[in-house]
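J.: 3D, please:
(chains A and B)
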Amino acid sequence: MIRLAIDFKNALSWLSLGPTRNMAEELGVPLELLPYQTEVSVLTEAGEEETVAERHARVRAEYYAADLKRYADLQNIELVADSRGVDSTMALLGLLWGNQKGVGLDYAHSVFSRFWSDSMGLDDVQSIGEILTLSGAPGFEPGAMHEELNTVRETLEAEGVFSVPMYLVEGQVFQGREHLPMIRWLLAGERESVPI
Amino acid sequence: MQQMNPLTSDKPLIVYLDFKSPYAYLAKNPTVQLERDYQIEIDWRPLTLDIPSFLGSARTDDKGNLVENNRTPRQWNGVRYAYMDAKRYARLKDMILYGPQKIWDSSGASIGMLWAKAQGRAQLMAYMDRVFEQFWRRELDIEDLKVLEEVLDEAGCVVNGFRDYLEDDGRQIHDQLQDALHPAGIFGVPTYIIEGERFFGREHLPMVRWILEGRRGSKPDIAYQHFPEITT
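T.: Below is the predicted model of the structure:
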């Protein structure tokens, strides 16, 4: 079983979905996506009185923005949307609804794809309801899922999750899809050589 | 004294490391493997991290109790995860990696790296191996000049003159390079510079190898991955 904590406004979560889903299908292992709301770092402009810490944060953020694009291109993923200040609660509630009906993966793929190509907002209840219906989970009632969203967050944090995408596999926590070789190795019973 | 350009070299690959980074330690051997696999020479350079500026600072006593703390909860999450993660991979490679009890000033060890590099590749490799391994076993005080001199000696380096180099020319070269890194978009270790592109983290080794192989076939995704040695 692979449990993957994601947030729709986090581009790394989007980039992790395809490779993770492919690996899970290949290994015949169930994959569950779990909602975890995060904050988006704001890319700051270089100021005249920039401290070392501010400069470090800016250079790091500029690098990660370029790096995201480099690897998004690899998956033919479009990253057009501006995720700053976005509240993804409604879309995450939709994920819980989709999970209940067993269509969380298809729902997540559609939401990621539409949001990041700037075709929908993550607070757009109508679009979320439509995607859920198309995915096979009609009748979305967000109000019914709020308490569960909080519970899921508390449970994830108790297990060591503090960011996204984070994987929970075999009692271990991994941040980022770069760990997929290790996760594959764990799920395959550690039979082959160590994957590093 | 010639100033180094952070992004250019007469070697095909520049690699920035800091001895106090567990991720740099984990990256060292798979990066050295690139030299063997592709018959290249790497331009190894020091990047002395100013950790408190981006991860806050903290200090523990001999029993691991926190005696000084200037970190936010978010910074603590990142730091704790990073060490747990590094140790997990280190264990699988039979590497010993104890968490440091304070944030070390590794600039002296970085300048030692420049000194060893000037004396030859064998000396540099021997110096890097010794510093990384002993530092992460908590057997090396990298802030102690005498200790650095001993390691340089063990690595086959001429030690006479290092003391002056550490205070004068070496310090100047080191500081000038560090000042030039942020403007060049370099901020962490390990960083790989190849064909003008910057890659931060050993998860990019598949991409670095793909470039070294002439960009043939599909571009690889990021991964912490083992590569069997290429034999000819």
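J.: which residues touch whichever residue of chain A sits closest to chain B?
T.: Closest residue of chain A to chain B, C-beta to the nearest C-beta: A:E178 (3.6 Å). Just so you know, the C-beta spots here come from the backbone N, C-alpha and C atoms, and that holds for glycine as well. Counting by C-beta atoms under 8 Å, 6 or more residues apart in numbering or on different chains, A:E178 touches B:G201, B:E203, B:I222, B:A223, B:Y224.
J.: if we go to 7 Å?
T.: Neighbouring residues of A:E178 by C-beta atoms under 7 Å, 6 or more residues apart in numbering or on different chains: B:E203, B:I222, B:A223, B:Y224.
J.: how about it, nearest residue that isn't a chain neighbour?
T.: B:E203 (3.6 Å; C-beta to C-beta, 6 or more residues apart in numbering or on different chains).
J.: that neighbour belongs to a helix?
T.: Yes: assessed with DSSP: H, G, I helix; E, B strand; the rest coil, B:E203 lies in a helix.
J.: how close does it get to A:R177?
T.: Distance of B:E203 to A:R177, computed by C-beta to C-beta, to the nearest Å: 9 Å.
J.: shared neighbours of those two, which are they?
T.: In contact with both B:E203 and A:R177: B:I222, using C-beta under 7 Å, 6+ apart.
J.: have a look at those two and say which one is more surrounded.
T.: Each of B:E203 and A:R177 has its neighbours counted (other C-beta atoms under 10 Å in any protein chain shown); A:R177 has more, 25 against 19.
J.: the residue nearest to that one when sequence neighbours are not counted - how many residues pack around it?
T.: Using C-beta to C-beta, 6+ apart and skipping the chain neighbours, the partner closest in space to A:R177 is A:S16 (4.1 Å). Neighbour count for A:S16, taken as other C-beta under 10 Å: 23.
J.: low-confidence bits of chain A, can you list those?
T.: For chain A, applying pLDDT under 70 flags the ranges A:41-46.
J.: how about 90 then?
T.: Applying pLDDT under 90 to chain A flags the ranges A:39-54, A:84, A:144, A:188-196.
J.: returning to what we had before: roughly how far apart are the residue of chain A closest to chain B and A:E130?
T.: Distance, A:E178 to A:E130, by C-beta to C-beta: 34 Å.
J.: quick check: residues of chain A near chain B?
T.: Residues of chain A lying close to chain B by C-beta under 7 Å from any C-beta of the partner chain are A:19, A:52-53, A:55-57, A:59-60, A:62-63, A:71, A:74, A:162, A:175, A:177-182, A:193-196.
J.: just the buried residues from these, in PyMOL please.
T.: Under the burial definition 16 or more other C-beta atoms under 10 Å in any protein chain shown, those of the residues of chain A next to chain B that qualify are selected in PyMOL by:
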select buried, chain A and resi 55+56+57+59+60+63+71+162+175+177+178+179+180+181+182+195+196
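J.: picking up where we left off before, pull the contacting residues for the residue nearest to A:R177.
T.: Contacts of A:S16 by C-beta under 7 Å, 6+ apart are A:L4, A:P165, A:R177.
J.: among those residues, which are located in strands?
T.: Members of the contacts of A:S16 lying in strands (criterion: DSSP state E): A:L4.
J.: check the gap between the closest residue to chain A within chain B and B:Y192 for me.
T.: Of the residues in chain B, the one nearest chain A is B:E203, at a distance of 3.6 Å by C-beta to the nearest C-beta. Separation of B:E203 from B:Y192 (C-beta to C-beta): 11 Å.
J.: for A:A66, the count of nearby residues, please.
T.: That count, for A:A66 with other C-beta under 10 Å as the rule, works out to 12.
J.: around chain A, which positions in chain B sit nearby?
T.: B:50, B:53-54, B:77, B:81, B:89, B:92-93, B:182, B:185, B:187, B:198, B:200, B:203, B:219, B:221-226.
J.: mark which of the residues you listed are buried, thanks.
T.: Buried residues within those, counting neighbours by 16+ other C-beta under 10 Å: B:50, B:54, B:77, B:81, B:89, B:182, B:185, B:187, B:198, B:200, B:203, B:221-226.
J.: just checking, what packs against the lengthiest helix in chain A?
T.: In chain A, assigned by DSSP state H, the helix with the most residues is helix A:52-74. Judged by 3 or more C-beta pairs under 7 Å, 6 or more residues apart in numbering or on different chains; DSSP states H and E, the packing partners of helix A:52-74 are helix A:11-27, helix B:52-55.
J.: B:D18 touches B:T48, doesn't it?
T.: Yes: contact status for B:D18 versus B:T48: in contact at 5.8 Å, counting by C-beta atoms under 7 Å.
J.: wait, isn't B:E229 in contact with B:Q33?
T.: Yes: the criterion here is C-beta under 7 Å, and B:E229 meets it with B:Q33 at 6.5 Å.
J.: which regions of chain B sit below the pLDDT cut-off?
T.: B:1-3, B:50-79, B:99-103, B:225-232.
J.: where do the helices of it begin and end?
T.: Going by DSSP H, chain B shows helices at B:22-38, B:52-55, B:73-92, B:107-119, B:121-136, B:145-154, B:162-167, B:169-181, B:205-212.
J.: list the buried residues of the third one.
T.: For helix B:73-92, a neighbour-count test (16+ other C-beta under 10 Å) marks B:75-79, B:81, B:83, B:85-90 as buried.
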